[in-house]
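Can you look at this prediction? I've put the sequence above it.
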Amino acid sequence: MVGKLAKLKNQYDSQGYFVLREYFTQPEILTLRKTILKFHDLWKIDHATFYHEEAFNSSLITGSQYLSTDDRLKLFNFISSKKMMAVVDGLIPNQPAFMNTQLFFNPVNPLQKDFWHRDCQYDHDIEGQQKAIQETQVLHLRVPLFDELGMELVPETHKRWDNEEEFNVRQEEKGRESSEDLSTGIKIPLSVGDLLVFSADMIHRGLYGMDRLALDILVFDSAADFADYVDDDCLPSIAMLNKIADSRLFTNTMQLKTKEL
């Protein structure tokens with residue numbers, strides 16, 4: 001596995017993503033799916049209007065609002081499992097830290113279209129985005145809970161800026177729409193058991209359709225200044241840490257948040 005991960009790191013460094021096929025067992029996914037569906041069913045009730053009109057994802061899955069302590073512990077132990085940490089440590093060897101979880105699903109509105117973006121575009125102007133892709137490291141680790149159409153990514157854009165076509169479509173300039181196809185996009189279908197790892201700041205979009213329900217785990221390099229993005233309620237309590245086999249991801253985040261106080 002060590003040799004395989006070294007090759008995958010090389011692919012991530014050059015392309016911005018990789019896929020591990022059939023990485024998780026059916027029992028692992030069934031247990032995870034059961035927990036996630038508890039969250040999703042309650043979240044949909046609480047956000048009924050938003051869900052039916054425009055939603056395509058939710059966040060803060062590990063928080064205390066919808067899940068019991070036992071269910072949260074199941075999530076924390078999945079996120080920090082040996083399989084997940086082998087991948088995380090291979091890409092961020094120096095104090096990786098937990099940022100958030102997100103759940104992606106199909107929008108109810110049939111007219112809603114998937115769209116190209118970089119995650120950093122929601123926090124930065126153009127100059128800031130150009131800087132972010134050179135300096136920051138945020139990983140998306142996507143775990144599909146059902147077979148799905150997956151993601152469409154533009155390789156290498158975790159390190160390079162948009163070409164003219166990509167910029168005009170993503171930013172909706174010169175009459176272009178962010179839902180238009182890009183000639184540089186590569187579609188990556190995902191099946192239950194797969195793990196897709198990709199850079200949050202590369203150009204990407206989720207593909208709507210099938211039974212889309214995917215858990216995304218976001219992890220960042222402690223050297224980056226992302227601790228203020230983390231909701232305290234999404235971290236385990238001190239008592240819960242003792243029940244997590246490998247709590248490094250969470251304790252690293254906690255230490256970073258303590259330094260900010």
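Looks like it came in fine. As the structure is a computational prediction, the values presented were derived from the model and not from experiment. Numbering: from 1, shown residues only.

going forward, measure contacts between C-alpha atoms and count neighbours the same way
Will do.

Just the pLDDT for residue 147.
What the model reports for residue 147 is a pLDDT of 98.

That one is in contact with residue 195, isn't it?
No - no contact is recorded between residue 147 and residue 195 when judged using CA atoms under 8 Å, the distance being 11.9 Å.

Please report how far residue 156 lies from residue 117.
14 Å (CA to CA, to the nearest Å).

Please apply the same query to residue 104.
Summarising the geometry, the distance separating residue 104 from residue 117, computed by CA to CA, is 15 Å.

neighbour-wise, which of these two wins?
When neighbours are counted by other CA atoms under 10 Å, residue 104 and residue 117 differ, and residue 117 comes out ahead with 23 against 19.

Show me where the stretch 51-200 of the chain has its strands.
In the stretch 51-200 of the chain, the strands defined using DSSP state E, counting those that start in this stretch lie at 57-59, 96-105, 138-144, 148-153, 186-190, 195-199.

Just the buried positions in the strand or helix carrying residue 239, please.
Using DSSP states H and E, residue 239 maps to helix 238-241. The neighbour-count criterion (16 or more other CA atoms under 10 Å) identifies residue 241 as the buried residues of helix 238-241.

what sits up against that helix?
With contact meaning CA atoms under 8 Å, 6 or more residues apart in numbering, helix 238-241 is reached by 73, 247.

average pLDDT across that helix?
95.

try stretch 33-43
Average pLDDT, stretch 33-43: 98.

Contacts for it next, please.
Outside of stretch 33-43, the residues within contact range by CA under 8 Å, 6+ apart are 61, 66-67, 71, 74-75, 145.

what stretches of this structure score poorly on pLDDT?
Judged by pLDDT under 70, the chain has its weakly predicted residues at 1-2, 260-261.

one more time with 90, if that's ok
Counting by pLDDT under 90, the low-confidence segments of the chain come to 1-6, 94, 110-111, 123, 132, 134-137, 222-229, 257-261.
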